[in-house]
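K.L.:
Got a predicted model here, sequence first, then my questions.
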Amino acid sequence: MSEFYESPRWMYKYQNCSLPVVLDTYSKCSYGCLYCLSRFQHANNWGDETIYERDVKPFDVNFIKGLFKGENKRFGIENWLRAKKAVQWGGLSDPFDENERRIGASLRLLEFLSEIRYPLSISTKGTWVFDDERYLNAFRAYGNCLHIKFSIVTTDEQAASRIECGVPSPAERIRAMAIASKLGVYTTLRLRPFIIGLSDLCMPDLVTAAAKAGAYSLSTEFLCIDRRMCCSTRKLFNALSKVLGYDIVEFYKKNSKGDTYMRLNSEIKAPIFLRLKSLCDSAGIKFYNSDLDFRELTETCCCCGAPDCFNYSTGTLVQALKLAQQNGCVHFSQIYGDLSILKMGLSCQACDVNLGHTIRKRKFVNFSLFDYVRYLWNTPEETHSPKNEFRDALLPGEKDHNGDLVYYFNKKII
């Protein structure tokens, strides 16, 4: 068994992501957030242990450096890096958590990436690195070629300490954001997951604090819950429910349309999204939304809130939605450019795309990532087609001269 954690990887829903290549430094996160999606996906620790993991594996720094230098290969990711497309860091674990304080693998790669100024978007709750000159020097060298998202879901210090076990306080994270902003780094308030009964109670204070800390943008998405939870997961949600004052699982069952993966109904989200966007507009912060509902409210297709100057992908279904919103309709050829890089990768099956049952796996075994996105585009009945992905914000029409469907923007959505 390898002593290293396998990284980077393609994002599972790469067809919607402008930063589809993801780095994770460690196999487990030291933080014990009750809402953590990666814990539910078995990628991180289960049970009560939250910090100073003993069996954690770091990624192979030398191998990843070789990827960026063009010396190594992994699932076609080398083609993405050759085009110097932006990469995100921190998907299933935090690159600046307590594991990093002990092991330091993130620092070794950060120093290398800052030297070549590779466009990078980091997601973190860690704050100690913003008091450590080694990391600060790397951030300074990076400057405006670096984007850091600070995950904060509430300003309530007491609630945060119970929900985000082992995580620095919201005030500490805001302080770290201010330090990063002063270094010339683009910063984002990552209000994800948005939790009813917690996040909605502090929106004005949170947006104001982020604006004062120099945040460029805010990125949000509502919490989602999978019905297929084990006993350990149910315990985590029970603990979260005690803090919130209501049974959040039952609330989602009553107010969600999904049979398995529950997303709150759009009627509940609408007034919150509109208010949050208004607060951002007033504070001079750009609003980004990665939720399936009201995705058209997002500033650009890059829902992580990265600035326009970043070389992120516009070959996504979200970009198609934004183009249709601007022009009335959209053609597949309009998002073809960045998608063409995916032709050079391995098959969608090799890149861990969830294809469902065995018959589907056989059907798509030789499809490239590009082929699969084009299939989704031209098959409106598919769950992840443009029509269904955005809850009918895009509606299919006739085929164009390339044989691809033309999608029209549904103005009545907003």
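P.N.:
Sure, I can see it.

K.L.:
Now K269: closest residue in space, sequence neighbours ignored.
P.N.:
Distances taken as Cβ to Cβ, 6 or more residues apart in numbering put D293 closest to K269, at 5.2 Å, once the chain neighbours are dropped. Quick note: C-beta positions are derived from backbone N, CA and C, even for glycine.

K.L.:
For burial, what's the neighbour tally of the one you found?
P.N.:
The criterion is other Cβ atoms under 10 Å. On that basis, D293 has 22 neighbouring residues.

K.L.:
and it, what does it touch?
P.N.:
222, 263, 266, 269-270, 273, 391 (Cβ atoms under 8 Å, 6 or more residues apart in numbering).

K.L.:
that's a helix at it, yeah?
P.N.:
No: counting by DSSP: H, G, I helix; E, B strand; the rest coil, D293 falls outside a helix, being coil.

K.L.:
export stretch 268-284 as PDB, just CAs?
P.N.:
C-alpha atoms of stretch 268-284 as PDB (Å, rounded to 0.1, in the frame of the first residue of the first chain):
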ATOM      1  CA  ILE A 268     -37.600  28.300   0.500                       C
ATOM      2  CA  LYS A 269     -34.400  29.300  -1.100                       C
ATOM      3  CA  ALA A 270     -35.600  32.200  -3.300                       C
ATOM      4  CA  PRO A 271     -36.100  35.000  -0.700                       C
ATOM      5  CA  ILE A 272     -32.800  34.100   1.000                       C
ATOM      6  CA  PHE A 273     -30.800  34.100  -2.300                       C
ATOM      7  CA  LEU A 274     -32.300  37.400  -3.300                       C
ATOM      8  CA  ARG A 275     -31.600  39.000   0.100                       C
ATOM      9  CA  LEU A 276     -28.100  37.700   0.200                       C
ATOM     10  CA  LYS A 277     -27.400  39.000  -3.300                       C
ATOM     11  CA  SER A 278     -28.800  42.400  -2.300                       C
ATOM     12  CA  LEU A 279     -26.500  42.500   0.700                       C
ATOM     13  CA  CYS A 280     -23.500  41.700  -1.400                       C
ATOM     14  CA  ASP A 281     -24.400  44.300  -4.000                       C
ATOM     15  CA  SER A 282     -24.700  46.900  -1.300                       C
ATOM     16  CA  ALA A 283     -21.400  45.900   0.300                       C
ATOM     17  CA  GLY A 284     -19.500  45.900  -3.100                       C
END
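
K.L.:
buried sites along it?
P.N.:
Residues 269, 272-273, 276-277, 279-280, 283 are the ones in stretch 268-284 that count as buried (16 or more other Cβ atoms under 10 Å).

K.L.:
contacts for stretch 77-91?
P.N.:
Under Cβ under 8 Å, 6+ apart, the answer for stretch 77-91 is 8-11, 18-25, 38, 67-68, 70, 72, 95, 106, 118-124, 147, 149, 304, 306, 310-313, 338, 341, 344-345.
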